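> Build me a structure from this.
(3 chains)
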Amino acid sequence: MELSWELLNFFGIAAFAVSGALVAIKERYDLFGVYVLGLVTAFGGGIIRNVLIGLPPSMLWNQKWLIYTALIAVTVVCIFPRVWMGTGKKWLNFFDAIGLAAFSIQGALHAVNKNLPLVAVVFAAVMTGIGGGIVRDVLAGRKPLVFRKEIYALWSGLIGLVIGLGWADSGTGMVIVFILAVVLRMISFLYDWRIPGTLCPGRFRDIGS
Amino acid sequence: MELSWELLNFFGIAAFAVSGALVAIKERYDLFGVYVLGLVTAFGGGIIRNVLIGLPPSMLWNQKWLIYTALIAVTVVCIFPRVWMGTGKKWLNFFDAIGLAAFSIQGALHAVNKNLPLVAVVFAAVMTGIGGGIVRDVLAGRKPLVFRKEIYALWSGLIGLVIGLGWADSGTGMVIVFILAVVLRMISFLYDWRIPGTLCPGRFRDIGS
Amino acid sequence: MELSWELLNFFGIAAFAVSGALVAIKERYDLFGVYVLGLVTAFGGGIIRNVLIGLPPSMLWNQKWLIYTALIAVTVVCIFPRVWMGTGKKWLNFFDAIGLAAFSIQGALHAVNKNLPLVAVVFAAVMTGIGGGIVRDVLAGRKPLVFRKEIYALWSGLIGLVIGLGWADSGTGMVIVFILAVVLRMISFLYDWRIPGTLCPGRFRDIGS
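Numbers count the residues shown, from 1 in each chain, chains lettered A, B, ... in the order given. Here you go, the predicted model:
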């Protein structure tokens, strides 16, 4: 069981690192920028979560193998960038969904272990799942994708809610939550589901900036 | 006395959250982005201050009622966005000034309690007062407003200076500082006071980027 | 010996603060923005490094004299901005190289003292050397320069590698590393050396965003 979560971690970290590296390549950053954006996307969310729920951010360095995995994933992208821009994209989204679900569950559990209130558990799930992508976009000089496109963070938040309310305490419960989140994420990606901008949709098209 | 500060906190947090939500709506972010920018504007400054003056950032979760206040304020904006864009704007600036003053005083007191030097007290006041707005603007893909427009941070800094020098040790002193800061902020807003860009103003219009 | 490192620190902090102030002036930020960007460039990297390697970020306030140095440097820029835009620029790059080398060495040593793995030592060197510049660029609404132009971070990383591998344990070794890094940084600046964007250069010009 433990082993399988470990495996999901490796897939997820690799997918997040690849997504960061691709954004950097599209921005025509140099190799240094490509590696930094890869690492930031993979580990940024967990670091900010740790700061905010009171875990030491230096826990990062205990995950040496995950760091090497991210570095190798970025290196592969740097050698075969075309593959990832083309046919690899579909697979990337699948692995990315795995990362989103696995990291959100782990983030929520960290907050539960610290006996934090429900709002903190939801926060920890969402930040672990999407924080890295936000930092990636800021460093790429972009408006964060997760605030504008597709339903991505919502699944993170629901994972946090389910775990924070104690509805998935058993190992089996976790597995069901994980599979549901991956499936929902893939569906919302394939059908381009979006969240509205306000709670009075349609009446609000003429706002200047 | 304590109760009144608590009340000011609620007004201030709500005003900061509303300002974050409005920026997100103007950027056409989705509901997720609107809530994130609301929360970040309300709590971002205090979190960064805590990291830098050595308080646990996880103190955030002890303020559950403030978090709910921010969430409710954002929800109200999402239901009635037009109100806040229109007539509500004047009131928003007033409550925002209350937040600026109340949070700057509290930030400064946190640094004084840690026996930090004057420069840290001023920093803590300014960061608590304006840090959330800076993070909000970065996440909205904007150049931070506070670096360009109106005199906003200056009043925060003066509060830090007055408290750091021990000129406002009594409860009455605090109240005077608070009222003065709110009044100065409102005046500088209404008359659009600005800070110059360098100490040799007027001679410096031809700098390229 | 200690004294000389202290001196290098002062030169480096001043150069970093000046570079931040100049970026803010070019963005037409007001005086508040100029001081913030100056301070952030000087101290931002060290603060983020401390968070990530498990040192208290509030160590910042023990370096009061460095903070005053940065404030004075920014003030000088605000009084004589033209000097720094013109003839001062060459000198600025020289002092900046000193800062890069001195801070990278210190950052690496902090990580070594915490018995962190090699990857953390390299990270600490790079973050201390360039982190402030990244935060500066984000706050200026720019894509970070260090991801796009010139070989800058590479020398930081090499310093981290050499120190992390224990190849420069003696005082003399440190001095050699320091001088080499300054020289390499100046050469890569003068000849505009750049890092490629991927590991398959030249085959990759048609990527959209």
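> Of all residues in chain A, which one is nearest the centre?
By CA atoms, centre = their mean, chain A has its centre lying nearest to A:Gly129, at 3.4 Å.
> Kindly export the helix or strand hosting that residue (C-alpha atoms) in CSV.
Assigned by DSSP states H and E, A:Gly129 belongs to helix A:118-139. Taking C-alpha atoms only, helix A:118-139 is exported to CSV below (Å, rounded to 0.1, in the frame of the first residue of the first chain):
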residue,chain,number,x,y,z
LEU,A,118,-11.4,22.1,8.4
VAL,A,119,-10.6,25.3,6.6
ALA,A,120,-6.9,24.6,7.1
VAL,A,121,-7.3,21.0,5.8
VAL,A,122,-9.0,22.3,2.6
PHE,A,123,-6.3,24.9,2.2
ALA,A,124,-3.5,22.4,2.6
ALA,A,125,-5.1,20.1,0.0
VAL,A,126,-5.5,22.9,-2.5
MET,A,127,-2.1,24.5,-1.9
THR,A,128,-0.3,21.1,-2.2
GLY,A,129,-2.2,20.4,-5.4
ILE,A,130,-2.0,23.7,-7.2
GLY,A,131,0.5,26.0,-5.4
GLY,A,132,3.4,24.9,-7.5
GLY,A,133,1.6,25.8,-10.7
ILE,A,134,0.7,29.3,-9.4
VAL,A,135,4.4,30.0,-8.5
ARG,A,136,5.4,28.6,-12.0
ASP,A,137,3.0,31.0,-13.7
VAL,A,138,4.1,34.0,-11.6
LEU,A,139,7.8,33.3,-12.5
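> and that helix with helix B:118-139, angle?
80 degrees (axes from the mean of the first three to the mean of the last three CA atoms, to 10 degrees).
> which helices and strands sit right next to helix A:118-139?
helix A:2-26, helix A:31-53, helix A:88-113, helix A:153-164, helix B:64-79, helix B:118-139, helix C:118-139 (3 or more CB pairs under 8 Å, 6 or more residues apart in numbering or on different chains; DSSP states H and E). In short, each C-beta sits where N, CA and C put it, glycine included.
> roughly how far is that helix from the heart of the chain?
How far helix A:118-139 lies from its chain's middle: 7 Å, per CA atoms, centre = their mean, to the nearest Å.
> thinking again about what came up before, and the helices and strands packed on helix A:118-139 as CSV, adding distance to C:Leu190 and mean pLDDT?
Shown next, in CSV, are the helices and strands packed on helix A:118-139 (distance: least, CB to CB, whole Å; pLDDT from 0 to 100):
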stretch, distance to C:Leu190, mean pLDDT
helix A:2-26, 26, 87
helix A:31-53, 19, 95
helix A:88-113, 40, 88
helix A:153-164, 46, 93
helix B:64-79, 52, 93
helix B:118-139, 33, 95
helix C:118-139, 19, 95
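> Save the ones you listed as a markdown table, and put in distance to C:Leu92 too.
Shown next, in a markdown table, are those (distance: least, CB to CB, whole Å):
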| stretch | distance to C:Leu92 |
| --- | --- |
| helix A:2-26 | 28 |
| helix A:31-53 | 22 |
| helix A:88-113 | 42 |
| helix A:153-164 | 42 |
| helix B:64-79 | 43 |
| helix B:118-139 | 24 |
| helix C:118-139 | 13 |
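> Ok, which of these comes nearest B:Asn9?
helix B:64-79 (6.4 Å; CB to CB).
> Not counting sequence-adjacent ones, nearest residue to A:Pro196?
B:Leu31 (6.2 Å; CB to CB, 6 or more residues apart in numbering or on different chains).
> how many neighbours does that neighbour have?
Here the count is done by other CB atoms under 10 Å in any protein chain shown, and B:Leu31 has 23 residues near it.
> I figured it hits B:Ala21, correct?
No: assessed by CB atoms under 8 Å, B:Leu31 is found out of contact with B:Ala21, at 9.8 Å.
> residues shared between the contacts of these two?
B:Cys78 (CB atoms under 8 Å, 6 or more residues apart in numbering or on different chains).
> Against chain C, how distant is A:Tyr191?
Plainly put, A:Tyr191 is 24 Å away from chain C if you go by CB to the nearest CB, to the nearest Å.
> make that A:Ala17, sorry
As for A:Ala17, its distance to chain C is 14 Å (criterion: CB to the nearest CB).
> So what's the residue count around that residue?
Neighbour number of A:Ala17 under other CB under 10 Å is 31.
> show me the contacts for it.
A:Gly38, A:Leu39, A:Thr41, A:Ala42, A:Thr69, A:Ala70, A:Leu71, A:Ala73, A:Val74.
> ok, and the most crowded of those residues?
Across these, neighbour numbers were computed from other CB under 10 Å; A:Thr41 holds the maximum, 33 neighbours.
> which residues touch the residue nearest to it when sequence neighbours are not counted?
Nearest non-adjacent residue to A:Thr41, counting by CB to CB, 6+ apart: A:Gly20, 3.0 Å away. Residues near A:Gly20 by CB under 8 Å, 6+ apart: A:Leu37, A:Gly38, A:Leu39, A:Val40, A:Thr41, A:Ala42, A:Val74, A:Gly132, A:Arg136.
> try A:Thr41
A:Thr41 touches A:Phe16, A:Ala17, A:Ser19, A:Gly20, A:Val23, A:Gly132, A:Gly133, A:Val135, A:Arg136, counting by CB under 8 Å, 6+ apart.
> and what of A:Phe32?
A:Phe32 touches C:Val146, C:Phe147, C:Ala153, C:Leu154, C:Ile195, counting by CB under 8 Å, 6+ apart.
> Who are the contact partners of the nearest residue to the last one once chain neighbours are set aside?
Among residues not flanking C:Ile195 along the chain, A:Asp30 sits closest, at 3.9 Å (CB to CB, 6+ apart). Contact criterion CB under 8 Å, 6+ apart gives C:Phe147, C:Arg148, C:Arg194, C:Ile195, C:Pro196, C:Gly197 as the residues in contact with A:Asp30.
> between those residues, which is nearest C:Trp84?
C:Arg148 (22.4 Å).
> Need phi/psi at the closest one.
Backbone torsions for C:Arg148, taken as degrees, to the nearest 10, come to phi -130, psi -30.
> Just give the nearest non-adjacent residue to it, would you?
Excluding its sequence neighbours, the residue lying closest to C:Arg148 (CB to CB, 6+ apart) is A:Tyr29, at 5.9 Å.
> Could you count how many residues lie near that neighbour?
When neighbours are defined as other CB under 10 Å, A:Tyr29 has 24 of them.
> need the residues of chain A near chain C, please.
Residues of chain A lying close to chain C (CB under 8 Å from any CB of the partner chain) are A:24-34, A:36-37, A:47, A:51, A:56-58, A:60-61, A:64, A:67-68, A:75, A:78-82, A:85, A:138-141.
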